[in-house]
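*Asks:* Next come a sequence and a model predicted from it.
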Number of protein chains: 2
Amino acid sequence: MTSNNFPTENRSYDLVVVGAGPGGFDAAVEAAEEGIKVALVEKELLGGTCLNVGCIPTKLYLGATSPVEELAAQTKARIAKGEIEIDFKALCTKKDRFIGATRKAMAQKAKKLGIDLYPATAKVIGKGKVEVSHPEETAVLEYKDLILATGSHPTVFPGLEPDNETILDNSGFLALTEMPGSLLVIGAGFIGLEMAQIAHRTGTKITVVDALDRIAVYEDPEVSKTLQGVFKRHKWNIKLGVKVKSVTAENGKAVLRTEDGEELIADKALIAVGRRPNSKDLGLEILGAETAGPGFVKVNENLEAADNVYAIGDLNGKVLLAHAASHQAGYVVRRISGKTDGPYEHGPIPSILYGSPETMRVGVMPADLEGKGEVKVSSFALVANPIAQAYAATQGFVKVVWLDGKVAGITAVGHHVSGFTTAAAMIVQENWTEKDIHKVVFPHPSLDEALLGALKAEKKDPK
Amino acid sequence: MTSNNFPTENRSYDLVVVGAGPGGFDAAVEAAEEGIKVALVEKELLGGTCLNVGCIPTKLYLGATSPVEELAAQTKARIAKGEIEIDFKALCTKKDRFIGATRKAMAQKAKKLGIDLYPATAKVIGKGKVEVSHPEETAVLEYKDLILATGSHPTVFPGLEPDNETILDNSGFLALTEMPGSLLVIGAGFIGLEMAQIAHRTGTKITVVDALDRIAVYEDPEVSKTLQGVFKRHKWNIKLGVKVKSVTAENGKAVLRTEDGEELIADKALIAVGRRPNSKDLGLEILGAETAGPGFVKVNENLEAADNVYAIGDLNGKVLLAHAASHQAGYVVRRISGKTDGPYEHGPIPSILYGSPETMRVGVMPADLEGKGEVKVSSFALVANPIAQAYAATQGFVKVVWLDGKVAGITAVGHHVSGFTTAAAMIVQENWTEKDIHKVVFPHPSLDEALLGALKAEKKDPK
C-alpha cells in the first residue's frame, strides 16, 4: 500500500537526490533520462530558491517594470513623456501563477520520467541509507549514489533578524503585495541591488547600506563605480563603509542603528547580506564528510563529499549561481552513468546583474591576476554605440582583460549588456587572441559591436 | 596651393577608396593604420546609406520608441497602464545630432590618420587613374589599388516613383519631422517592416502590401508567420500577393492602385521594394570589369573586379548588409598590405530585423539544404523562458538547423532575440555537435537559455 505522502514502498534506488532546486532537479531529470532509478527529496517547493524566492521572481519583476526605466531614460533625453503605473498586486499574481505553472510542469516532467518525489527532509543515517521524514511519515531510502543539492539560505546576523513583516529577507520581499514608501536595503550585492531597483521603479525611496566601500563588490571596481553613479542619479541614498549594529521593527517602521550611533528609518528593511549553505542536519558526519567556512561541504575533484556522495551547487560553495549548480549536476550524472571519469571541469561561469543598467562578467578581472603574467585591459564606452544611443542609455562600457595576449575575462555595465554574455563566455573559454577577432562577423548595428570595439581597442595597463 | 575642395595637389596614392559607407570608410581607416597612403572619395556624406538614411537612424527611432511597445505588452498582460507620448521632432533632432556627431568623428579620425578626403564623384579613366569631380573642380588620382564601395540605392519601378513628399523612399521617411496619420508600406522586407513599426508606435495606421505570399521573405517561413501574427494583432492591414500597378500622389494623399483594380489611400506611402547597386558611371568597362543582374559588379575569389580593383559591399551583391561590407573591407586591406594571399572567406553572416519582436538568423535554413544531407530542426518556444515571460513577450521561438548532426543555422523571432546573435554566429561557425553544448555554461536566467533549449531539444524533420 502506498501512503499519501510517499510515492512507493519500493525504496531501493540507484540515485537519491536531496533538494529540487536547479542543481538537484536537473540531476534527477538527466539521470532518469539515462534510465537511472531516481528518488528526489524536497522538503519545500520544487525549483528551490531560484524559482520560488530568487532569480526567477526577481527577473519577472524587473522585466515587468522595465518600461518605467526605459521611459525615464527617453524622458531625460526629452524624446518622450508620459506616466506608467504598475499594478503591483497584478504583478505579484502573475509571478505566483508563472512560478506555480513552472512547478507543476516540473512535477509532470518528473512523473513522466518515473522519478519518485518525496516531500520530506533527508538525513543520511549510514552508508547507502537516507532517512526521509514528513510530519506524518518516515522512511529509509537506499541509494548507490547520493547527490546533495540542498542549496543555501539568507545569512542572519544577530540584531538583523528578519521578521518578514517589517524586516524582510528575499522571501519576505517577494511576498509583498505592495511596495513600501521607503526601503532600507542592507547589503549592496546582487540581491539587494536588484530588489532595490524593483522598489525604486514603483516609486519607493531607496537607502542602500553596506559595510564595504563600494557597491557590487564582486564586480570590477570600475563597474561598481558606474553602477553607483547611475543609482545616485536615481537619488538613492547610498551609505558605504557603514557598520550596522541592529535593524529592528519599531512601531511598524524599520529602524537601523549603526555602530557610530546613526539612526536610519524606513517603512521596510531588506536584509541581503549574503547566503549560507544548508548543510546542517544532513547527517554528513556519519560518512566522514567535512565542511569548511560557514558550512560549505568539502568535495574532491569529482565533486564527491564521500564515496558515491556528491555535493553540488550552493552547498559546496564553489559558485553560488543556479547555472553553476545545473552544470555540476550534468557532470555528476555523466559520471554516475559512466560517460565520464575525469575530474569536474567547467568553462568560465558567467554572472549577470539585471536591471538598468545591467552588468555581466565572465572569466577573471585584473584584481584576480596580480603577478600572473602580462595583464592588459582594453575597453569601449557605450556612448559610441548606436544601440546604446537609441535606448538613451549611454552610461557604461565593455572591458576585456588580456593575460599574455589572450582574452581571460570580459565585463560590462550598461543597458542590455546581458545580451552578449554567452558570446563573451565563448570568447573567454576559447581564450581568443587578437587574430581570432576577425573570424566572427558581428552584426551591425548591434550592442555586440561594443564588445567587438573593446576587443579591438588599444590594450593598456590596468589602473 | 591646395584648393578649397580637394585636400592636396599630390595625387598619387597607394590606395583610392570610392565610397565612405561602412565598407569604404573601414577600408580607408584600416589601410591608413597599416601606413598605406589613402584617398577616400565620397560624393555625398561620410557614413553612406547605413549611417545617414539606413540602419542607424532606423535603430535610433526603434530604440527611442521601444517604451511604447514595452508598455503595450505589460498593459496587455494587465500589469501596467499609462500613456507615452513621443516627441517626434525632438527624436528627429536627436537623430540628426547623433549622425552629425558621428560623421564629424569619422572626419576627424580620417584626418588624424592622414587620409585625404575628396568630396567628389569618381570615375575610372584608365588603369591606375580615377577622375574625381566636384562642381568646382576636377582632378585625377593615381592608385596602385582601388576599392570600389559605392553601395546601393532604392529600387524604383515605373509608376512607383518617390517624390519624397507623399511617396517616400527610406531617405524621405527618415526626413519626416512628424509621422503621418496613415502609411502605406509597399514591400514587406527589413526596411519596410522596421519603418512601419516606427510609424505604428507613434500612432500611425499601417497598411503593408507585398507581391509575395508572406512578409520577411528572406526569413524562415515560420519566422514570417510569427511576425505576421504579431503585426496583425497590432491591427495592421497586411495585403499579400498584391501586384501594385501604381502609387501616386493625388490631392496630398498617396493612392495605390493594384493590377486587380483595387485602390488604397493613405496620408503617405513608403516604397521599400529592394535596392540596386550604384555601379553606373564608375567607368568600370574601361578595365574590363563586368556586372550581373541589376548591375552588381562581378568579382573573383579575391573580391577583384579587375587587377588591383576591388568591389566590396552592396556593390558586388554578395550580402547587402553593412557588416558584410566591413568584413570584406578588412579582407581587402589585409590582402593589399600583404597579410593574406588566400581567397576571401567569411563565417556565417548574421542578419537581424529590429523591432518588437526582433528576428535573428545566421547560417542556412532548411529551405537552403534540400537534398544536401540529413537535415533536422530543433526548437524552443519563448513562452517557457522566464525572461520572455518577464517582458510579457512570449510570442516567438528559437530554431536550430542541423545538417548531418552539426549546427548549420540558427534563427529566432521574439523580444530581444538579437541579443544572442553573436553567440549563435559562433555556434554556427564552429558547427557545434550535440557534444559541444555542454562546453559553455549559459547564464541563468537569461534569454540565451532559449537558444540552449533549442540546441538541446528533440531533433525533428523540418516541416
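*Replies:* On my side now, so go ahead.

*Asks:* Closest residue of the stretch 201-350 of chain A to chain B?
*Replies:* At 3.8 Å from chain B, residue A:323 is the closest residue in the stretch 201-350 of chain A, using Cβ to the nearest Cβ. Every C-beta, even on glycine, is put in place using the N, C-alpha and C of the backbone.

*Asks:* got a list of what that residue touches?
*Replies:* Applying Cβ atoms under 8 Å, 6 or more residues apart in numbering or on different chains, we find residue A:323 in contact with A:22, A:349-350, B:441-444.

*Asks:* Repeat the analysis, applying 6 Å as the threshold.
*Replies:* B:441, B:443-444 (Cβ atoms under 6 Å, 6 or more residues apart in numbering or on different chains).

*Asks:* Any regions of the stretch 301-450 of chain A where pLDDT drops low?
*Replies:* Along the stretch 301-450 of chain A, the model assigns pLDDT under 70 to no residue.

*Asks:* Can you pull the residues of it lying near chain B?
*Replies:* With Cβ under 6 Å from any Cβ of the partner chain as the criterion, the stretch 301-450 of chain A meets chain B at residues A:322-323, A:327, A:347, A:349-350, A:352, A:386, A:389-391, A:419, A:421-423, A:425-426, A:440-445, A:448.

*Asks:* Of those residues, which belong to helices?
*Replies:* Using DSSP state H, the subset of these located in helices is A:322-323, A:327, A:386, A:389-390, A:421-423, A:425-426, A:448.

*Asks:* Of those, just say which sits nearest to chain B.
*Replies:* residue A:390 (2.3 Å).

*Asks:* Was I right to think that closest one contacts residue B:65?
*Replies:* No - using Cβ atoms under 6 Å, residue A:390 makes no contact with residue B:65, being 9.3 Å away.

*Asks:* From the contacts of residue A:323, which land in strands?
*Replies:* Among those, no member is found in strands (DSSP state E).

*Asks:* Save those residues as JSON lines, and put in neighbour count too.
*Replies:* Output for the contacts of residue A:323, formatted as JSON lines (neighbours: other Cβ atoms under 10 Å in any protein chain shown):
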{"residue": "B:441", "neighbour count": "23"}
{"residue": "B:443", "neighbour count": "23"}
{"residue": "B:444", "neighbour count": "24"}
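
*Asks:* of all the residues you listed, which comes closest to residue A:47?
*Replies:* Top of the list for closeness to residue A:47, among these and by Cβ to Cβ, is residue B:444 at 12.1 Å.

*Asks:* which residues touch the closest one?
*Replies:* Each residue near residue B:444 by Cβ under 6 Å, 6+ apart is listed here: A:322-323.

*Asks:* where does it fall, phi/psi-wise?
*Replies:* Main-chain torsions, residue B:444, degrees, to the nearest 10: phi -130, psi 140.

*Asks:* need the helices for the stretch 101-250 of chain A, in chain order.
*Replies:* Counting by DSSP state H, counting those that start in this stretch, the segments of the stretch 101-250 of chain A that form helices are A:170-175, A:190-201, A:221-233.

*Asks:* ok, now the stretch 251-400 of chain A?
*Replies:* All helices of the stretch 251-400 of chain A, identified by DSSP H, counting those that start in this stretch, fall at A:322-336, A:386-390.

*Asks:* Hmm, residue A:343 and residue A:301 touching each other?
*Replies:* Yes - using Cβ under 6 Å, residue A:301 is in contact with residue A:343, at 3.7 Å.

*Asks:* Distance-wise, check residue A:420 relative to residue B:243.
*Replies:* Distance, residue A:420 to residue B:243, by Cβ to Cβ, to the nearest Å: 43 Å.

*Asks:* do residue A:275 as well
*Replies:* Residue A:275 sits 65 Å away from residue B:243, going by Cβ to Cβ.

*Asks:* More neighbours: the two, which one.
*Replies:* residue A:275 (21 against 9; other Cβ atoms under 10 Å in any protein chain shown).

*Asks:* What sits closest to the more buried one if chain neighbours are left out?
*Replies:* Of all residues not flanking residue A:275 in the chain, residue A:152 sits nearest, at 4.1 Å (Cβ to Cβ, 6 or more residues apart in numbering or on different chains).

*Asks:* pLDDT value on that neighbour, please?
*Replies:* For residue A:152, the pLDDT comes out at 97.

*Asks:* so residue A:68 sits right up against residue A:202, yeah?
*Replies:* No - when contacts are counted by Cβ under 6 Å, residue A:68 is not listed as touching residue A:202 (7.8 Å).

*Asks:* partners of the longest strand seen in chain A, with directions?
*Replies:* For chain A, the strand with the greatest residue count under DSSP E is strand A:137-148. Here strand A:137-148 is paired, per DSSP bridges, with strand A:12-18 (parallel), strand A:129-134 (antiparallel), strand A:309-311 (parallel).

*Asks:* Dump the ones you listed to CSV, plus distance to residue B:141 and mean neighbour count.
*Replies:* Converted to CSV, the strands paired with strand A:137-148 look like this (distance: least, Cβ to Cβ, whole Å; neighbours: other Cβ atoms under 10 Å in any protein chain shown):
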stretch, distance to residue B:141, mean neighbour count
strand A:12-18, 73, 24
strand A:129-134, 82, 19
strand A:309-311, 71, 29
